[in-house]
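> fold the following and give me the result.
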Amino acid sequence: MQQKIGNVILDKTFYKGEDLYSDGEIEDVILQAYENGRAEELLHSSSAWPVLYHISDIRENILEWYPVDKNADVLEIGSGCGAVTGILSRKARSVTCIDLSVKRSLINAYRNADKDHIRIFIGNFQDIRLEQKFDYITLIGVWEYSGLYVQDEMPYHKMLSIVREYLKPDGKIIVAVENKTGLKYWNGAAEDHTGRMYSGLNDYIDDGHIRTFSKAEIEEILSEVGLGEYLFYYPMPDYKLPDTIYTDDMLPMPGDIRVYRKDYVLPRIYNFYDAAVSDQVCRDRMFSYFANSYLFVCSRGKAIDKSIYQTADDKQESNGCRTVFVKYSTERKKQFQTATVIQCMNHTVRVVKKALNHESESHIKKLKQNEQLWKGMLPGLKYVDGEERNGVYMVPFIEGRNIDHMAYSYRHCPGKMAEYIRNIINSYLKPDENSMTAFVECARFRTIFGSTGDSLKDSRCLRVSNIDLLFSNLRLCKYERNNEERNNVELNEERNNGERNNIELYNFDYEWVFDFPIPYEYALWRAVDQLYDQYAVYLKNKISRRDFYDQCGLDSGRAGIYKRMERNFSNYVYGNKYIEQYKKHVITQTVNIM
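Take a look at the predicted model:
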């Protein structure tokens, strides 16, 4: 009743001879790809959603950040093709998998064949009897199917109740599930499981065996089954292919949620501008209700303190360190794939940048060097001092507001937004003219940005360039002057645009720092261009992109050159973005209300 693939054991003791869940023939293609060592090739050549879902390493982002104890025993229910099994096996002492499908379990075994601490049971979870207790039990995209496979009048309650019995006393259940009131469903996306629009919003009145829940409903169920200690996380765009993890301590701001056309499952309709509605939802502090997906971690007990400034006694995450935000760059080339994590530990908040693989470790190690090269290049900026330790780069978290968030208040007044940005540039981002040199195109420049011929020969450059001066990487914050400083300034002195002289602008990202000549205006253009993209839904009918450049104080005549540089830089960082070929067709409905 057992089979061994490499070091992985498949146990068919509880298998009843039929795979109860399948994506069809595409699973044969995926299995063959893993048997032949060609899964990566298939991922880059296909456009089928099951291939992306089962193979892409973006799937791991849902738990890559979570601090599983290295001596932990994990039970993964619904392990499927092993998209999450790999990250769990790299974190824990043992991983016990349960899945309904032999074929999917074979795929899982082949992709993790080098691991000697994975055991896969095949069969219905309700039929399988395990003697072991576990530190963590995961239900990633599984709980919503309880109505199909759990024989009970309240299958969703029953599923959690059964799972709870396999927990060690301090164990945790980790669940990822769609939110039935997710904004994408209001905006025309078909419900992920039924394939029909508005199924969840209509409370599944025509679909009796698969359902998801709102956050309030989940909280009620957790309380009713004795899992009252919980924390919610909000993976975006959803838990399937997340690039960002938000928490109640660090929710998105207006301008942050931009997920238009990140649709890979089915073609869909857009009923309204998702950027504008997302901004309103975030502004009105309703994001947790409209988030597309939830990840929640629960255990026995009463509701815990969910404040960001917890002590080292925090039970939800190990070593008293609590993650409050994560941003992934998984779509980049391997050598540039990193994660940015904001953590709270003993009342101190810090930002940690780490490599996601061996190839990108050298990229992280360069950050301290980049910081030292860049600091002081712009006298109007303040710089965050970082520390490189144990392969990660850490900086203190700066309290304040990012420039791109500040710009939101001018979204309906493009002239005012441009004026605000121009004043930011003039007040904080102007180089000392004595430190500027003429642009000379070198071989390293051409490798990354392409050749510009003589078109930028009169450009001015800094000795060291940080082309990532994006307004999302610049944060305004107040500070208190000491007595000596107060005596050296006029208390009524103000900066442009009404910013008082105790407002400082911090630069806290040194990832793309180069020590060869790059036209400085290109760095400013990147910031302005991305800000226009961020708020294009408001700006595009009121001001052209080129006019916006001009009003921000840039030379719009060079926009075409900078765009070519940007395309080359994007190719340098991302290469072939395979995920683009998985995008599904969309229809945009425009409704005019008189």
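> walking through the stretch 251-400 of the chain, point out its helices one by one.
274-283, 287-290, 361-374 (DSSP state H, counting those that start in this stretch).
> helices or strands up against the longest one?
Which is helix 361-374. Where contact means 3 or more Cβ pairs under 8 Å, 6 or more residues apart in numbering; DSSP states H and E, helix 361-374 is packed against strand 348-355, strand 387-389, strand 392-396, strand 513-514. For every residue, glycine as well, the C-beta is placed using N, CA and C.
> kindly report the same for the second one.
Contacts defined by 3+ Cβ pairs under 8 Å, 6+ apart place helix 287-290 against strand 229-236.
> show residues contacting the strand it packs on.
Strand 229-236 is touched from outside by 61-62, 176, 215, 219, 222, 242-248, 251-252, 257, 259, 287-288, 291-304, 306, 315-316, with contacts defined as Cβ atoms under 8 Å, 6 or more residues apart in numbering.
> how near is the residue lying closest to residue 475 once chain neighbours are set aside to residue 11?
What sits nearest to residue 475 in space, not counting adjacent residues and going by Cβ to Cβ, 6 or more residues apart in numbering, is residue 400, at 4.4 Å. Residue 400 sits 54 Å away from residue 11, taking Cβ to Cβ, to the nearest Å as the criterion.
> residue 122 is nearest to which of the helices and strands packed on helix 361-374?
strand 348-355 (35.1 Å; Cβ to Cβ).
> buried set for that closest one?
349, 350, 351, 352, 353, 354, 355 (16 or more other Cβ atoms under 10 Å).
> closest to residue 25 among those residues?
Nearest to residue 25, judged by Cβ to Cβ, of these is residue 355 at 37.3 Å.
> by mean pLDDT, which helix or strand of this structure comes out lowest?
For the chain, counting by mean pLDDT, DSSP states H and E, helix 483-487 ranks last in confidence among helices and strands (a mean of 40).
> picking that back up, which of the helices and strands packed on helix 361-374 has the lowest mean pLDDT?
Per-segment mean pLDDT for the helices and strands packed on helix 361-374 reaches its minimum on strand 387-389, at a mean of 92.
> within its sheet, name the partner strands of it and how each one runs.
Using DSSP bridges, the strands paired with strand 387-389 in its sheet are strand 392-396 (antiparallel).
> list of residues touching the strand it pairs with?
Here strand 392-396 makes contact (Cβ under 8 Å, 6+ apart) with 348-355, 364, 367-368, 384-388, 508.
> the very next helix or strand once past that strand packs against which elements?
For strand 392-396, the following helix or strand on the C-terminal side (DSSP states H and E) is strand 401-402. Where contact means 3+ Cβ pairs under 8 Å, 6+ apart, strand 401-402 is packed against strand 474-478.
> which elements pack onto the strand it packs on?
strand 401-402, helix 403-406, strand 503-507.
> now the shortest one: mean pLDDT?
So the one you mean is strand 401-402. Mean predicted lDDT for strand 401-402 stands at 96.
> ok, and what's touching it?
Outside strand 401-402, the residues that reach it (Cβ under 8 Å, 6+ apart) are 253, 471, 472, 473, 474, 475, 476, 477.
> each with direction, which strands does that strand pair with?
Strand 401-402 pairs in its sheet with strand 474-478 (antiparallel), by DSSP bridges.
> got the contact list for the strand it pairs with?
So strand 474-478 is in contact with 381, 398-403, 406, 424, 428, 499, 502-508, going by Cβ under 8 Å, 6+ apart.
> nearest to residue 48, of the buried residues of strand 348-355?
residue 355 (30.2 Å).
> surely the closest one and residue 340 touch.
No. Under the criterion of Cβ atoms under 8 Å, residue 355 is not in contact with residue 340, lying 11.6 Å apart.
> circling back: buried subset of the contacts of strand 229-236, written for PyMOL?
Only the buried members of the contacts of strand 229-236 enter the following PyMOL selection, criterion being 16+ other Cβ under 10 Å:
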select buried, resi 61+62+176+215+219+222+242+243+244+245+246+247+251+252+257+259+287+288+291+292+293+294+295+296+297+298+299+300+316
